[in-house]
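Q: Sharing a sequence plus its predicted fold:
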Number of protein chains: 2
Amino acid sequence: MSDLPATMFAVVQTQDGFSGKATGPAIEDASEWLAEAELPVPQPGPGQVLIRLRMASVNPSDLHFIKGEYGQPRVKGAPAGFEGCGDVVATGAGAEALQGQRVAFVAAGSGAWAEYVVTQAQMCIPLRPEISDEDGAAQIVNPMTAMAMVDIARSEGDAFVISAATSQLGKLMCSLGRDLGLKPIALVRRAEAVDSLKKLGAEEVLVTTDPDLLKKFAAISKELKPRVFLDAVSDQLSEQIFVAMPNKARWVSYGKLSAEPPKLTQMGQLIFMGKRIEGFWLTQWMMSTPTEDQMRVVQEVQARFADGRWKTDVSARLPLRDVVSGLPDALKKTDGKVMITP
Amino acid sequence: MSDLPATMFAVVQTQDGFSGKATGPAIEDASEWLAEAELPVPQPGPGQVLIRLRMASVNPSDLHFIKGEYGQPRVKGAPAGFEGCGDVVATGAGAEALQGQRVAFVAAGSGAWAEYVVTQAQMCIPLRPEISDEDGAAQIVNPMTAMAMVDIARSEGDAFVISAATSQLGKLMCSLGRDLGLKPIALVRRAEAVDSLKKLGAEEVLVTTDPDLLKKFAAISKELKPRVFLDAVSDQLSEQIFVAMPNKARWVSYGKLSAEPPKLTQMGQLIFMGKRIEGFWLTQWMMSTPTEDQMRVVQEVQARFADGRWKTDVSARLPLRDVVSGLPDALKKTDGKVMITP
C-alpha cells in the first residue's frame, strides 16, 4: 500500500442515526445532509478490500439514507453512497484473490462517494472487460432488485404492475419481464414515455395524470389479472391501483417517492379478497437468499449488460468535489442515473 | 316431511349485492336492510339438511353482510343470518346420518334468522348433549376463528396483540392463548374490562382511551416482541399499534369495526422491517385448510365448551318477530352476544 496517499477527498454525512421522518428522496439543498472532507484512506480488515473509485451511482436509496429515512442508521462523518465500481488496490486477509481486479461493489464499510472505499470482498463482483464503468457502477442495486422482484411477480402469474416505470429500475423490470414472457403493466408520469416503454417490453403503459387512468387500469386489470404491484411511489394513487387489482393481489412497496401517506380505503379486500401489503428490500433479500441463487442472479445480470440487453442511461456526471453543490440540480434530469467520478 | 308446515316466519334481506361502502357494523334502523316475511319452508337438496331453528347468534359478520359490506353478495328476499343451532328435521340424499340430530350450523343455503334453515350437511356439527343451545348457536364462527387466528399468532412467537378484546372472540382468544402458554396483549375500550380480561388470560391489558396508551404499548412491545396483531377494528389507532411493533410484525385484519380508513404513516417499515398487512377470513380458511385439520379444531372447540373452559355470554335474547324492531337496541349491550330464538 506504499503507493497510496495518506488522505482522500470524500463526501460525508453530517448527521447520525434516523430522522424519524418520511419525506421522500427529494433534496433541495444537499449541504443539509452532506459535507466535503479530507479523510485518512481506510485500511482493509480481514475479508475486506480497498477500492480506488472509478465511478459511483446515485440511487434513491442513497438519498433516503442521507436524509435518515432508510433502513440503517447514518454515521456522522462517514462517506455517503452505497454503490459503485473501481479497482482493488489493497486487500485484507482472505481477500487476496481480488487484488488488482476491477469490481462492482456495494459499500458496507465506508461509503462509495469517496476516492477510496473499503468493503467486504463478498460485496464485490469482478467485472468482465466488455462492461463499461457506467454499467459497472450500477450493476448491483438496481439489477439485483429487478431480478428479485420480477421473480416475485412471476411466482404469482404473468401480469404485474410497475410504478415509476421510467426509472432505471422500472426499465430493467419491463425488459426483463418481456424476456421472461411476462406482461408488465407500466405506470408513468409523462405521456412521452409511453412508446419507449412499450418498445422496451411493457405490455400496457398508463399515464398517471390521465383523468381516466383508474377506469383504464380497471379494464386492463380485469383482462390481465395482475397479482403483484411493484411500487416505488406508495401514495394514494398506488392504493387505488391496488384496490382495482384482483383477488390475492400483493402490493409490494420498495420505495416511497411520494411523501403522502396512503389511506387504506378498502380494508375489507384484505379480509375477503386475500390481498396483502408488504415491502421489498434488497438487503433483506441478500441476507435471506442462498448464495447459489444470488450467484445465478449475478451471472445473469452481468450477461445482460455484457451483451447489451441492459444498459445504464446516464443523465449527469458529477465530480466528487461538485456533489454537495451540484447534486440537487443533477437529480432534476429524470432520464437516467447521476454518476459520481473521483 | 309431512309434519312440517308449508310456510315459515323469516327475517329477510331487503337488498341485493354489495353496497360498495365501508361503514362498519353499526346499525341505527334495521328496517333499512331487513324485513319480516312468510316464506315457503325450504327443501333440502342432495347433501343438504333442513334444520328447525333453536337459536341463532348475531355476529358482526351478519351486520356487515346485511349492509352489503361483506365478502359475499346479499340476496334480496332470502333470510339473513350465518350461524345457529337446531334440530335436523329432514335430509337430502347422502345427508341421512344427521336426521334427528341437534347440530350447530353455518347457513350456506338459506339464512339462519328463520324458523327453518337449509344448509349443507358438511356445514353442520352434531352437538354433545352437555352443550347448551346458547353455546351451540355460537359454536362455529367465533371459536373456529379464534383457533385459526391464535394458530397464526403461535407460528410467529408467543406474544400477540388483540383489539376489541372484550368481544366474545377476543375473550376466546385470550383464554386460548393463555392455555397454549402464549402471551395475549389485549386492547380494550373501557378500563372496567381490565381485570376480567387478565383473569381470562391476557398477559397485558391496555385501555385505548388512555392518553399514554402508545407509550405503554411501546414499552410492552419492546419487552414481549409481539409479531402478530389480530385486529377487529382496523382504524388509525390500529396503524399506530402496528407501527410500534417489532421487525416482521404482521397486522392481520379480520374486521372493520371502525369506518375510519387508516393512513399508512410508515410505509418504510414494510420495506426495511419486513412488516406486512393482511386479512383473515374464516370462509377462506375453511376452503384452504385440510378437512382433518378442521375436524381437529372442531373437536377441540367442542371439548372446551363441554368442560366449561369456554362459555358464550348472552347479552340479549330476541324472538325472530322482534328482530327488525329490536336489533339495534339489543346490540347496544356489549357484554355478550345477541341470540335470536324462533
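A: Arrived safely, thanks for sending. Bear in mind the structure is a predicted one, so any value in this text is a computation, not a measurement.
Q: Any stretches of the stretch 51-200 of chain A with poor pLDDT?
A: Filtered on pLDDT under 70, the stretch 51-200 of chain A yields no residues whatsoever.
Q: so where do the strands sit in it?
A: Here the stretch 51-200 of chain A has its strands, by DSSP state E, counting those that start in this stretch, at A:83-91, A:102-106, A:116-120, A:124-126, A:159-162, A:183-188.
Q: Distance of residue A:234 relative to chain B?
A: Distance from residue A:234 to chain B, counting by Cβ to the nearest Cβ, to the nearest Å: 5 Å. Quick note: C-beta positions are derived from backbone N, CA and C, even for glycine.
Q: In contact with that residue, which residues?
A: The contact partners of residue A:234, by Cβ atoms under 8 Å, 6 or more residues apart in numbering or on different chains, come to A:253, A:255, A:256, A:257, A:258, A:262, B:264, B:267.
Q: Adding mean neighbour count as columns, could you present the strands of the stretch 51-200 of chain A in a markdown table?
A: Converted to a markdown table, these look like this (neighbours: other Cβ atoms under 10 Å in any protein chain shown):
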| stretch | mean neighbour count |
| --- | --- |
| strand A:83-91 | 24 |
| strand A:102-106 | 25 |
| strand A:116-120 | 24 |
| strand A:124-126 | 19 |
| strand A:159-162 | 28 |
| strand A:183-188 | 25 |
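Q: Mind checking the ones you listed for the one nearest to residue B:307?
A: Across the strands of the stretch 51-200 of chain A, residue B:307 has its closest neighbour in strand A:159-162 (50.8 Å, Cβ to Cβ).
Q: in its sheet, what does that closest one sit against?
A: Strand pairing for strand A:159-162, determined by DSSP bridges: strand A:183-188 (parallel), strand A:228-231 (parallel).
Q: Work out the gap between that strand and the centre of the chain.
A: Relative to its parent chain, strand A:159-162 has a centroid offset of 18 Å by Cα atoms, centre = their mean, to the nearest Å.
Q: try stretch A:102-119
A: Here stretch A:102-119 is found 16 Å from its chain centre; the criterion is Cα atoms, centre = their mean.
Q: what do you get for stretch A:257-270?
A: The chain centroid and the centroid of stretch A:257-270 are separated by 23 Å under Cα atoms, centre = their mean.
Q: and the gap between the closest residue to chain B within the stretch 51-200 of chain A and residue B:317?
A: Chain B sits closest to residue A:71 of the stretch 51-200 of chain A, with a gap of 2.9 Å, by Cβ to the nearest Cβ. Distance, residue A:71 to residue B:317, using Cβ to Cβ, to the nearest Å: 55 Å.
Q: do residue A:317 as well
A: Counting by Cβ to Cβ, the gap from residue A:317 to residue B:317 is 79 Å.
Q: Burial check on the nearest residue to residue A:201 once chain neighbours are set aside, number of neighbours?
A: Nearest non-adjacent residue to residue A:201, counting by Cβ to Cβ, 6 or more residues apart in numbering or on different chains: residue A:178, 2.8 Å away. Other residues near residue A:178 come to 17 when the count uses other Cβ atoms under 10 Å in any protein chain shown.
Q: Check residue A:65 too.
A: 22.
Q: who are the neighbours in contact with it?
A: A:72, A:74, A:80, A:82.
Q: how does it look with 10 Å?
A: Neighbour list for residue A:65: A:13, A:25, A:33, A:59, A:71, A:72, A:73, A:74, A:80, A:81, A:82, A:111 [criterion: Cβ atoms under 10 Å, 6 or more residues apart in numbering or on different chains].
Q: Contacts only, for the first one.
A: In other words, residue A:13. A:33-35, A:37, A:65-66, A:68, A:74-81, A:111, A:113.
Q: let's see it at 6 Å
A: Counting by Cβ atoms under 6 Å, 6 or more residues apart in numbering or on different chains, residue A:13 touches A:66, A:74, A:76, A:78, A:80.
Q: Next: the third one.
A: By Cβ under 6 Å, 6+ apart, the contact list for residue A:33 reads A:14, A:66.
Q: ok, now the fifth one?
A: Taking Cβ under 6 Å, 6+ apart as the contact definition, residue A:71 lies against residue B:272.
Q: Check the gap between it and residue B:153 for me.
A: According to Cβ to Cβ, residue A:71 and residue B:153 sit 26 Å apart.
Q: Kindly report the same for residue A:72.
A: 29 Å.
Q: When the two are compared, which one has more neighbours?
A: More crowded of residue A:72 and residue B:153, by other Cβ under 10 Å: residue B:153, with 27 against 11.
Q: neighbour-wise, which of the contacts of residue A:13 leads?
A: Scoring these on neighbours with other Cβ under 10 Å, the highest-scoring entry is residue A:80 at 29 neighbours.
Q: isn't that one right up against residue A:110?
A: No - with contacts counted by Cβ atoms under 6 Å, residue A:80 stays clear of residue A:110, the gap being 9.8 Å.
Q: what's the neighbour count on residue A:128?
A: Look at residue A:128: counted by other Cβ under 10 Å, it has 12 neighbours.
Q: same deal with residue A:77?
A: 14.
Q: OK, contacts around the closest residue to it other than its chain neighbours?
A: Distance criterion Cβ to Cβ, 6+ apart; nearest residue to residue A:77, sequence neighbours excluded, is residue A:12 at 5.4 Å. Contact partners of residue A:12, counting by Cβ under 6 Å, 6+ apart, are A:35, A:37, A:77, A:79.
Q: Quick one: which of the residues you listed is the most crowded by neighbours?
A: Within the contacts of residue A:12, residue A:79 tops the neighbour count with 29 neighbours, counted by other Cβ under 10 Å.
Q: Up against chain B, what does the stretch 101-250 of chain A have?
A: In this structure, the stretch 101-250 of chain A approaches chain B at residues residue A:234, judged by Cβ under 6 Å from any Cβ of the partner chain.
Q: just the helices in the stretch 101-250 of chain A please.
A: A:133-136, A:141-154, A:168-179, A:194-200, A:213-224, A:236-243 (DSSP state H, counting those that start in this stretch).
Q: And those: which comes nearest residue B:246?
A: For those, the distance to residue B:246 is smallest for helix A:141-154, at 23.6 Å, taking Cβ to Cβ.
Q: between the closest one and strand A:83-91, how many degrees?
A: Following axes from the mean of the first three to the mean of the last three Cα atoms, to 10 degrees, one obtains 120 degrees for the angle between helix A:141-154 and strand A:83-91.
Q: Now do helix A:141-154 against strand A:102-106, angle only.
A: Here helix A:141-154 runs at an angle of 60 degrees relative to strand A:102-106 (the same axes, to 10 degrees).
Q: quick one: buried residues of helix A:141-154?
A: Within helix A:141-154, the residues that count as buried by 16 or more other Cβ atoms under 10 Å in any protein chain shown are A:141-150, A:152-154.
Q: ok now it, how far from the chain's centre?
A: That offset, for helix A:141-154, works out to 11 Å (Cα atoms, centre = their mean).
Q: other SSEs contacting that helix?
A: When contacts are defined as 3 or more Cβ pairs under 6 Å, 6 or more residues apart in numbering or on different chains; DSSP states H and E, helix A:141-154 sits against helix A:168-179, helix A:282-288.
Q: Please list the outside residues in contact with the longest one.
A: Counting contacts by Cβ under 6 Å, 6+ apart, the residues outside helix A:168-179 that touch it are A:142, A:145-146, A:150, A:162, A:164, A:184, A:186, A:197, A:200-202, A:337.
Q: Closest one of these to residue B:209?
A: residue A:164 (41.2 Å).
Q: what's the spatially closest residue to the closest one that is not a sequence neighbour in contact with, if anything?
A: Once flanking residues are discounted, residue A:164 sits nearest to residue A:232: 4.2 Å by Cβ to Cβ, 6+ apart. Shown in contact with residue A:232 (Cβ under 6 Å, 6+ apart): A:163, A:164, A:255, A:257.
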